[in-house]
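J.: Give me coordinates for this.
(one chain, ligands or ions: 1)
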Amino acid sequence: MIKLSGRLSGLEESVTLAITAKARALKAEGKDIIGFGAGEPDFDTPENIKEAAIKAIRGGHTKYTPVGGINELKDAIIGKFERDNRLRYSREEVIVSCGGKHSIFNLFQAILDPGDEVIIPAPYWVSYPVMVMLGGGTPKVVHTRESEGFRMTPEAFEAHITRNTRAVVINSPSNPTGAAYTAGELEKLAEVALRHKLLIISDEIYEKLTYDGFLSSSIASVSDEVKKNTVVLNGVSKTYSMTGWRIGYAAGPKEIVKAMTNIQSQSTSNPASISQWAAVEAISGPQGTIEAMKVEFEKRRNAMVDGLNAIPGVSAIRPQGAFYVFANISKSLGKRVGEKTLKGSVDIANYLLDSAGIAVVPGEPFGDDSFVRLSYAISMKNIVDGVRRINEAIGRLK
Ligand SMILES: *Cc1c(COP(=O)(O)O)cnc(C)c1O
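T.: Below is the predicted model of the structure:
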């Protein structure tokens with residue numbers, strides 16, 4: 001008998017991956033599949049960044065580095081926080097990890113004890129609750145409404161705080177909804193967090209991908225007091241199309257950053273040296289490619305939102321950021337395909353894949369079973385064709 005750790009009891013097989021695997025298998029059989037599942041930009045990493053990596057290899061930057069990142073990269077990150085967020089950090093308040101996900105994982109390992117609760121607004125990024133559980137804590141989900149733009153109100157936030165609450169996760173712009181908080185809304189949430197002495201965990205990985213002129217702000221910029229109680233998470237994956245390079249970072253109180261660095265020193269050690277040098281160029285080199293990517297994403301977002309809203313029984317709000325649309329499919333629930341009744345978002349996703357060759361991600365693992373997530377990190381042609389096929393498939397439901 002093989003025994004696994006009890007900590008893994010909350011860790012289920014990812015439904016998202018199951019559908020992705022099925023879509024891939026169908027594609028391999030030669031089926032015409034349009035995949036709306038992409039969780040990464042479909043643009044190539046900019047040339048100047050690739051060149052910096054090649055230069056790092058040739059220059060011999062191929063050995064262990066300090067665990068929390070090279071000073072050149074920490075300084076580039078410090079410069080970015082000053083430039084973009086008017087936040088001042090020292091090197092001891094910054095850690096570079098193997099992707100933003102790794103920074104968040106380290107953070108939960110560093111701050112949680114059994115019984116500690118972490119408030120997570122839903123719909124949430126699938127990994128937050130699992131990472132809280134792996135850190136020994138308990139996720140406390142706060143459901144938000146589509147009619148409120150999927151934004152947690154200060155009242156709902158406060159109503160979920162108990163004496164065991166330790167932290168709150170704010171992800172703006174959000175994966176999977178694309179919702180983003182205004183500076184004023186962040187100020188109100190920060191006020192509640194401070195009053196209850198909670199740590200604010202602010203995942204700002206989609207900071208640069210905002211539309212219609214919306215400017216993303218960091219909750220840590222609200223005041224010095226808020227900054228002292230916030231860990232900001234960010235990375236190069238989404239902003240610079242660098243998902244494969246695995247560089248993310250966190251900035252916050254030095255005691256926490258030190259603990260995260262210790263955890264990292266006993267697990268992964270430093271992030272790849274070559275990727276770190278590429279990230280220096282990404283963060284401090286020319287920033288023009290971000291704007292070009294944004295312009296393209298904004299067009300695709302509009303096409304997708306307009307297309308989905310033209311489908312009878314489907315609706316989607318226009319998100320301020322990221323590259324996802326969270327589409328409301330609740331009107332299709334309870335409808336039938338042959339003998340089978342579509343009961344939730346997983347059934348809808350399977351139906352769209354089987355009957356129309358469309359891969360979407362069910363909302364259930366993101367905490368809302370009445371929605372599916374569609375990524376617009378795919379070509380305009382696929383968006384247009386895909387939305388048409390969804391329309392036809394939904395129209396066939398009885
Ligand atoms: C993609 C993503 C991350 C981090 O990705 P990395 O590639 O690990 O840097 C973090 N948070 C959210 C919400 C994401 O979607």
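J.: Next up, identify which helix or strand the residue nearest to Ser127 when sequence neighbours are not counted is on.
T.: Nearest residue to Ser127, sequence neighbours excluded (C-beta to C-beta, 6 or more residues apart in numbering): Lys101, at 6.3 Å. For glycine as for every other residue, the C-beta is placed from the backbone atoms N, C-alpha and C. Here Lys101, judged by DSSP states H and E, is contained in helix 100-111.
J.: Write out the residues of the stretch 151-300 of the chain neighbouring the ligand.
T.: Applying C-beta under 6 Å from any ligand atom, we find that the stretch 151-300 of the chain lies next to the ligand at 171, 175, 203, 205, 235, 237-238, 243, 248.
J.: What count of nearby residues applies to Val94?
T.: By other C-beta atoms under 10 Å, the residues close to Val94 number 25.
J.: ok, Ile119 - contacts?
T.: Residues near Ile119 by C-beta atoms under 8 Å, 6 or more residues apart in numbering: 140, 142, 157, 160-161, 165, 167-169, 198.
J.: make it 10 Å
T.: Contacts for Ile119 (C-beta atoms under 10 Å, 6 or more residues apart in numbering) come out as 132, 139-142, 152, 156-158, 160-162, 165-170, 192-193, 196, 198, 201.
J.: Mind checking which of the residues you listed are in helices?
T.: When DSSP state H is applied, the contacts of Ile119 are split such that 132, 156-158, 192-193 fall in helices.
J.: out of those, who's nearest the ligand?
T.: Proximity of those to the ligand (C-beta to the nearest ligand atom) peaks at Val132, which lies at 13.9 Å.
J.: Distance check, that closest one against Ala322.
T.: 21 Å (C-beta to C-beta, to the nearest Å).
J.: For the host helix or strand of Thr261, name the packing helices and strands.
T.: Using DSSP H and E, Thr261 sits within helix 254-265. With contacts taken as 3 or more C-beta pairs under 10 Å, 6 or more residues apart in numbering; DSSP states H and E, helix 254-265 sits against strand 94-97, helix 100-111, strand 230-235, strand 248-251.
J.: Is there proximity between the first one and the ligand?
T.: Pointing back at strand 94-97 there. No: on the criterion C-beta under 6 Å from any ligand atom, strand 94-97 is out of touch with the ligand, staying 8.3 Å away.
J.: so what secondary structure elements neighbour that strand?
T.: Packing partners of strand 94-97 (3+ C-beta pairs under 10 Å, 6+ apart): helix 71-85, helix 100-111, strand 230-235, strand 248-251, helix 254-265, helix 273-284.
J.: Please name whichever of these is nearest to Leu26.
T.: Closest to Leu26 of the helices and strands packed on strand 94-97 is helix 100-111 (C-beta to C-beta; 27.9 Å).
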